[in-house]
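Q: pasting the structure only:
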């Protein structure tokens, strides 16, 4: 309760009566508490979003190829391939997505080139990219041809606990031909 009042004075200066206004402020206090809790919740959500964004960026940087600028593959081979790649994020830097590219020199001297995009944003998308890129690299090193590799990758995505949509392309560069 909020109360405001004043004495009403008699002609001789003594208190003749008093007037008061009483107001129930319960709803106002509930509203103030709701606003305070909403503000606190929003601050927690912003902190969580900043942390998730930082983790997603770090994971993406760990997954994308370590080379910057030009790369010559195969190293020391007779016919080399000059590559350059750069990740261009969306116009909204808060959305770290599932885009990836890779170049991998294979044991037989060929080079696997791959580019893809997994739907989604944030840590879940970038961790999915880490899994996919690891699978692509592992299958390629084992000698899988690009067509079979893409088929197995699709099966892996369909069978995962959280199926995802994406697109990818991969090919092998054969220096001799």
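A: Structure received. The shown structure was predicted, so the numbers you read here are calculated from the model rather than taken from an experiment. Numbering: from 1, shown residues only.
Q: how about the strands in this protein?
A: 2-9, 15-23, 70-73, 81-84, 97-105, 111-121, 166-173 (DSSP state E).
Q: lowest average confidence across the ones you listed, which one?
A: Ranked by mean pLDDT, these end with strand 70-73 at the bottom, a mean of 65.
Q: got JSON lines for the strands of the chain, with distance to residue 147 too?
A: Every residue, glycine included, has its C-beta placed from N, CA and C. Formatted as JSON lines, the strands of the chain follow (distance: least, Cβ to Cβ, whole Å):
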{"stretch": "strand 2-9", "distance to residue 147": "77"}
{"stretch": "strand 15-23", "distance to residue 147": "77"}
{"stretch": "strand 70-73", "distance to residue 147": "21"}
{"stretch": "strand 81-84", "distance to residue 147": "21"}
{"stretch": "strand 97-105", "distance to residue 147": "17"}
{"stretch": "strand 111-121", "distance to residue 147": "13"}
{"stretch": "strand 166-173", "distance to residue 147": "9"}
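Q: could you pull up phi and psi at residue 161?
A: Note on residue 161: backbone dihedrals following degrees, to the nearest 10 are phi -60, psi -40.
Q: right, and residue 127 touches residue 58 too?
A: No - applying Cβ atoms under 8 Å as the test, residue 127 and residue 58 come out as separate, 11.4 Å apart.
Q: would you turn the strands of the chain into a markdown table with distance to residue 151 and mean neighbour count?
A: Listed next are these as a markdown table, based on distance: least, Cβ to Cβ, whole Å; neighbours: other Cβ atoms under 10 Å:
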| stretch | distance to residue 151 | mean neighbour count |
| --- | --- | --- |
| strand 2-9 | 72 | 10 |
| strand 15-23 | 73 | 9 |
| strand 70-73 | 25 | 15 |
| strand 81-84 | 25 | 12 |
| strand 97-105 | 18 | 20 |
| strand 111-121 | 14 | 19 |
| strand 166-173 | 11 | 16 |
